[in-house]
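Peer 1: need a structure here:
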Amino acid sequence: MLAATDGTGEALSHALAEALGSTVAVEGYAILASGRGRPFSWAGAAERVWQLHADL
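Peer 2: Numbering: from 1, shown residues only. Reported below is the predicted structural model:
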């Protein structure tokens, strides 16, 4: 899993190099991303924001 938590550009650079450094890593992250993206919808996100606003 990627982690660049020290707040520096160097940490981000290292995390990106690690993630993009091999075909296996890129393919693994692509699979993870597709799994996370499936349940997301803009309509659902908008509905949740609208409901939060209404509840305030």
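Peer 1: quick one: Glu18 from Tyr29, how far?
Peer 2: 10 Å (CB to CB, to the nearest Å). Backbone N, C-alpha and C define where each C-beta goes, glycine included.
Peer 1: cool, and Glu47?
Peer 2: 29 Å.
Peer 1: residue closest to the middle of this structure?
Peer 2: Residue closest to the mean C-alpha point of the chain, counted by CA atoms, centre = their mean, is Ala33 at 7.1 Å.
Peer 1: ok, back up a step: more neighbours: Glu47 and Tyr29, which one.
Peer 2: The residue with more neighbours, out of Glu47 and Tyr29, is Tyr29; 14 against 11, by other CB atoms under 10 Å.
Peer 1: isn't the more buried one right up against Ala19?
Peer 2: Yes: here Tyr29 reaches Ala19: they are 5.8 Å apart, a contact under CB atoms under 8 Å.
Peer 1: before we move on, back to that, can you tell me the helix or strand for the residue nearest to the centre of the chain?
Peer 2: helix 23-37 (DSSP states H and E).
Peer 1: what about that helix, distance to the chain center?
Peer 2: Using CA atoms, centre = their mean, to the nearest Å, the distance from the centre of helix 23-37 to the centre of the chain it belongs to is 11 Å.
Peer 1: now swap in stretch 33-45 and tell me
Peer 2: With CA atoms, centre = their mean, you get 11 Å for stretch 33-45.
Peer 1: what about that stretch, how long is it end to end?
Peer 2: Length of stretch 33-45, first residue to last, CA to CA, to the nearest Å: 18 Å.
Peer 1: what's the spacing between Thr8 and Arg38?
Peer 2: Distance of Thr8 to Arg38, computed by CB to CB: 33 Å.
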